[in-house]
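Enquirer: Please find the sequence and the predicted model below.
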Amino acid sequence: MDALTPQIATRIDRIEDPDTFSYDEFFRKYLIANTPCLFSAEFSRLWSSRRTWVTPENKPHWGNLLRVFGDAIVPVANCDVKEYNANPKELLPLREYIAYWREYTENGGRSARGCLYLKDWHMRREFPDEDVYETPLYFSSDWLNEYWDSIAMDDYRFVYMGPVGSWTPFHADVFRSYSWSANVCGRKKWLLLPPGQEELLRDDSGNLPYDVTVPSLRKLCPPPLEVIQEAGEIIFVPSGWHHQVYNLEDTISINHNWVNGCNVSVMWRFLQAELSAVQREINEWRETMEDWDQHCQIILRSCTGIDYREFFSFLKIIAEHRIQALQEDAPQPGPHLMSPGPQHIHFDLRKIMETLISLMDNADFQKLDPETLEPRPEDLLRELQRVMALREDNGVNTVM
């Protein structure tokens, strides 16, 4: 290893007590610093899923899960098959997956179907009345789910269930978002690399590895940070940290991806990098393809789930919610805004304004006829500037 190669920490901070750990401390030490941490099981102790989804032996309570969710159709990945640097998925009724899981366990971790892992199940969206967990305050400023809830299109809240030995290959999360993951039962092993370290692992074609534990990769970068997550514990994974995850026992977890004012600039840089990659890929057709720029946006959306026009809509919706909150002059304003208080609203507005200015200055965005957007980007920017100036004239501190 090169002597100049930065070292990765060998441990992460563990947060023990919900009564003494403030949002402000989390904001400054972990969100802004983009540093992982681990929350003790005390932070999920009151969740009903910790009782109803789990047996006294800390195993999945298949009977209770079947009674409530048995007919749900869930996405299941085959951990034994590699397909484009991921695992292929199929849709199964939950009762069929649990029948497989029982058989797999009874056969000592063997099945002709391979090792199947229930991943990315939108349980909260499909069963909104099932109050099985609460988003911890520290993760509640969640622009992604706030936006997609407001347009009733999607969400980034998931349930994972899998037997011992199931795992997720090396990756970074959607939009380079933050994520949090809580073990309802079972244990996980996390391997984490901070942003930039993954670049040392790319092959000659620029591809990242599927499995970061392959012996041939050990000399290319410092060893990943290894974290063992116990039942009930919640891990915070910061923006752009690549990770690989193993279930050390039969495990059920709840996972959210989210973006807020602290990392919206990371999301914007990610979208710009993805669009540049698309443009390079189809550059040879630039002169012959009508609406080439629009085609690039279509491909960007198919690859990432969002294009530049929707990214503007994303910023607009969050801005409107925050402006409305200030107009109502409420410390905890409205059902759309989950934030610790007014100071955070000001922080959000400032970050939206900074990102909007960068978006408006972007040459690729300007080619998409932004004058057809409602409101026009310049009108939204003027409104943000007016609101922020008014708050500053009233002596409101907008700096966190």
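Expert: Arrived safely.

Enquirer: any weak-confidence spans in the stretch 251-400 of the chain?
Expert: 329-341, 393-400 (pLDDT under 70).

Enquirer: For it, which segments count as strands?
Expert: Applying DSSP state E, counting those that start in this stretch to the stretch 251-400 of the chain gives strands spanning 251-258.

Enquirer: Equivalent analysis for the stretch 1-150 of the chain, please.
Expert: Along the stretch 1-150 of the chain, counting by DSSP E, counting those that start in this stretch, strands occupy 13-15, 37-39, 73-78, 89-93, 116-121.

Enquirer: In this structure, mark out all the helices, start to finish.
Expert: Ranges of helices in the chain, per DSSP state H, are 23-26, 49-52, 62-69, 94-106, 123-126, 143-150, 264-281, 292-304, 308-328, 342-361, 363-366, 377-393.

Enquirer: Hmm, residue 274 is touching residue 303, no?
Expert: Yes. Using Cβ atoms under 8 Å, residue 274 makes contact with residue 303 at a distance of 6.3 Å. For the C-beta atoms, the positions are set from N, CA and C on the backbone; glycine is no exception.

Enquirer: Who has more neighbours out of the two?
Expert: Using other Cβ atoms under 10 Å, the more surrounded residue of residue 274 and residue 303 is residue 274, with 16 against 13.

Enquirer: residues contacting residue 52?
Expert: 61, 64, 132 (Cβ atoms under 8 Å, 6 or more residues apart in numbering).

Enquirer: The same query, at a cut-off of 6 Å, please.
Expert: residue 64 (Cβ atoms under 6 Å, 6 or more residues apart in numbering).

Enquirer: now do residue 144
Expert: Residue 144 touches 156, 258-259, counting by Cβ under 6 Å, 6+ apart.

Enquirer: Derive a PyMOL selection command for the buried subset of these.
Expert: This is the PyMOL syntax for the buried subset of those, where burial follows 16 or more other Cβ atoms under 10 Å:
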select buried, resi 156+258+259
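
Enquirer: Dump the contacts of residue 144 to TSV, plus distance to residue 40.
Expert: Formatted as TSV, those follow (distance: Cβ to Cβ, whole Å):
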residue	distance to residue 40
156	25
258	21
259	26
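
Enquirer: how near is residue 186 to residue 386?
Expert: Residue 186 is 51 Å from residue 386, where distance means Cβ to Cβ, to the nearest Å.

Enquirer: repeat for residue 39
Expert: 39 Å.

Enquirer: Which one's more surrounded, those two?
Expert: residue 39 (26 against 11).

Enquirer: Chain neighbours aside, what residue packs nearest to the more buried one?
Expert: Leaving aside its chain neighbours, residue 39 sits nearest to residue 234 (4.1 Å; criterion: Cβ to Cβ, 6 or more residues apart in numbering).

Enquirer: and the residue nearest to the spatial centre of the chain, how far is that from residue 223?
Expert: The centroid of the chain falls nearest to residue 257 when counting by Cα atoms, centre = their mean (2.2 Å). Using Cβ to Cβ, we find residue 257 at a distance of 26 Å from residue 223.

Enquirer: what does residue 229 give?
Expert: On the measure of Cβ to Cβ, residue 229 and residue 223 end up 18 Å apart.

Enquirer: more neighbours, these two?
Expert: residue 229 (22 against 15).

Enquirer: I figured that one hits residue 236, correct?
Expert: No. Judged on Cβ atoms under 6 Å, residue 229 makes no contact with residue 236 at a distance of 11.0 Å.

Enquirer: Count the residues that sit near residue 232.
Expert: Around residue 232 there are 20 residues (other Cβ under 10 Å).

Enquirer: Just confirm it contacts residue 42, I think it does.
Expert: No. Counting by Cβ under 6 Å, residue 232 stays clear of residue 42, with 8.0 Å between them.

Enquirer: who touches the residue nearest to residue 125 when sequence neighbours are not counted in this structure?
Expert: Leaving aside its sequence neighbours, residue 125 sits nearest to residue 155 (Cβ to Cβ, 6+ apart; 5.0 Å). For residue 155, the contacting residues are 125, 145, 148, by Cβ under 6 Å, 6+ apart.

Enquirer: quick one: low-confidence ranges for the stretch 1-150 of the chain?
Expert: Ranges of the stretch 1-150 of the chain meeting pLDDT under 70: 1-9.

Enquirer: change it to 90
Expert: By pLDDT under 90, the low-scoring segments of the stretch 1-150 of the chain are 1-11, 83-86.

Enquirer: In the record's domain split, what are the boundaries for the protein?
Expert: Structural domains annotated on the chain: 13-258, 264-393, as defined by automatic domain parsing.
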